[in-house]
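Undergrad: Here is a sequence together with a model predicted from it:
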Amino acid sequence: MNFLVTGGAGFIGSAVCRHLINNTDHRVVNLDKLTYAANLSSLEAVSSSDRYRFLKGDIADRDTVAALLREEEIDVVMHLAAESHVDRSIDGPADFIKTNILGTYQLLEAARGYHAALTGERRDRFRFHHISTDEVYGQLPLDGGLFTEETRYAPSSPYSASKASSDHLVMAWHHTYQLPTVLSNCSNNYGPYHFPEKLIPLVILNGLEGLPLPVYGRGENVRDWLFVEDHARALVMVATKGEIGRSYNIGGRNERTNLQVVEAICDTLDALAPLEDGRSRRTLIEFVTDRPGHDLRYAIDASRIESELGWQAVENFETGLEKTVRWYLDNEAWWRPIRKGRYAGERLGKAAAG
């Protein structure tokens, strides 16, 4: 089939593109606006494939998207293009409204017009898969509970509110216009090619350079961690096998406090790349003032995708973290220009635990 992946130069999107090219026979069209967190070097391994095409473009440009859908005879839209960093949404929510809500609306309208013109088998196999976050559900208490697909939405940041809005648009376009949509909500992803404003790559790179490792509050906030390659496999399964009009929660069943995550990174770095003075990197940890509206705990119940589609996470947190740390140790050519160039130290002092 022909896949359109929006935001395919981002962290999760590039993992999806690599998975589709390396592990399936499908064709991939990658549409990405190339904003600050996009990186085409994350796609070098597949860029020469005759089943891969990159196009720079904006999902909010309905005419361009509609023409692309027709030209490439797209069978599956996987919508990952989004502004996704909570801290940035607090500082400047406007971009999140424009991309995550208005951009999704324009993409849905382009897909609706395209789908209406399809006939026969091509119409039957068309899917629009919207990829979202567990943050739309708000927060859980520390002492129990899991997010299920029936959990009431209760977003608490401009980012999560914008994603909740886009989720509702997608389901409304299914119910009102019969657009064949599927929806997935994931827990925190980590792994290779992760932009270094997020917690795990930020701590890895600060730790490598012996810089402070600031942690919000007391580091008690809990997240469920999902290795990005496990997520990419799950997303393709949802897009191709998921039931129309249904949503699927995708999580790794790997809950950790933010402090536990930072300490695990410190210990892994100490084992693989010790500091010259022999200090433990745990001595670099500093507690800083918590951010506004910081949700206490997220945790996903992935029973539906496990039972209905047969997906299982391959990596646990320990194996996935070691693979991630080793990747950053071996791929300085990928992350060093980000640290020195357009990122230019911005937010490098923040352990932004989303």
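TA: Yes, it's here.

Undergrad: Could you give the bridge partners of the spatially closest residue to Gly242 that is not a sequence neighbour?
TA: Nearest residue to Gly242 in three dimensions, chain neighbours excluded: Val182, at 4.1 Å (CB to CB, 6 or more residues apart in numbering). The C-beta positions use only the backbone N, C-alpha and C, and glycine is treated the same way. Listed by DSSP bridges, the beta-bridge partners for Val182 are His129.

Undergrad: Was I right to think Val182 contacts Ile250?
TA: No - using CB atoms under 8 Å, Val182 is not in contact with Ile250, being 11.9 Å away.

Undergrad: Common neighbours of the two, please.
TA: Residues touching both Val182 and Ile250 (CB atoms under 8 Å, 6 or more residues apart in numbering) are Val238.

Undergrad: tell me the contacts of the residue nearest to Gly242?
TA: 127-130, 238-239, 242-248.

Undergrad: Give the buried subset of the residues you listed as a PyMOL selection command.
TA: Listed next is the PyMOL selection for buried residues among those, using 16 or more other CB atoms under 10 Å:
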select buried, resi 127+128+129+130+238+239+242+246+247+248
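
Undergrad: Restricted to helices, list the contacts of Val182.
TA: Val238, Ala239 (DSSP state H).

Undergrad: where does Val215 fall, phi/psi-wise?
TA: phi -130, psi 130 (degrees, to the nearest 10).

Undergrad: Sorry, slip of the keys, the one I care about is Gln106.
TA: According to degrees, to the nearest 10, Gln106 has phi -60, psi -40.

Undergrad: Assess the claim that it and Thr64 are in contact.
TA: No - the pair Gln106 / Thr64 is not scored as a contact, 9.8 Å apart, by CB under 8 Å.

Undergrad: all strands for the stretch 151-300 of the chain, in order.
TA: 181-186, 188-190, 213-216, 222-227, 247-250, 255-257, 285-288 (DSSP state E, counting those that start in this stretch).

Undergrad: Would you mind listing the buried residues in the last one?
TA: Neighbour-count burial for strand 285-288 flags Ile285 (criterion: 16+ other CB under 10 Å).

Undergrad: How about the fourth one?
TA: By neighbour count, with 16+ other CB under 10 Å as the criterion, the buried positions of strand 222-227 are Val222, Arg223, Asp224, Trp225, Leu226, Phe227.

Undergrad: could you say what helices and strands that strand packs with?
TA: strand 188-190, strand 255-257, helix 258-272, helix 317-330 (3 or more CB pairs under 8 Å, 6 or more residues apart in numbering; DSSP states H and E).

Undergrad: which other helices and strands contact the longest helix seen in the chain?
TA: Longest helix in the chain by number of residues, with DSSP H as the criterion: helix 158-177. Packing contacts for helix 158-177, counted by 3+ CB pairs under 8 Å, 6+ apart, involve helix 86-91, helix 94-96, helix 104-117, strand 127-133, strand 181-186.

Undergrad: Let me have the ones you listed in JSON lines, adding mean pLDDT as columns.
TA: Formatted as JSON lines, the helices and strands packed on helix 158-177 follow (pLDDT from 0 to 100):
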{"stretch": "helix 86-91", "mean pLDDT": "88"}
{"stretch": "helix 94-96", "mean pLDDT": "95"}
{"stretch": "helix 104-117", "mean pLDDT": "98"}
{"stretch": "strand 127-133", "mean pLDDT": "98"}
{"stretch": "strand 181-186", "mean pLDDT": "98"}
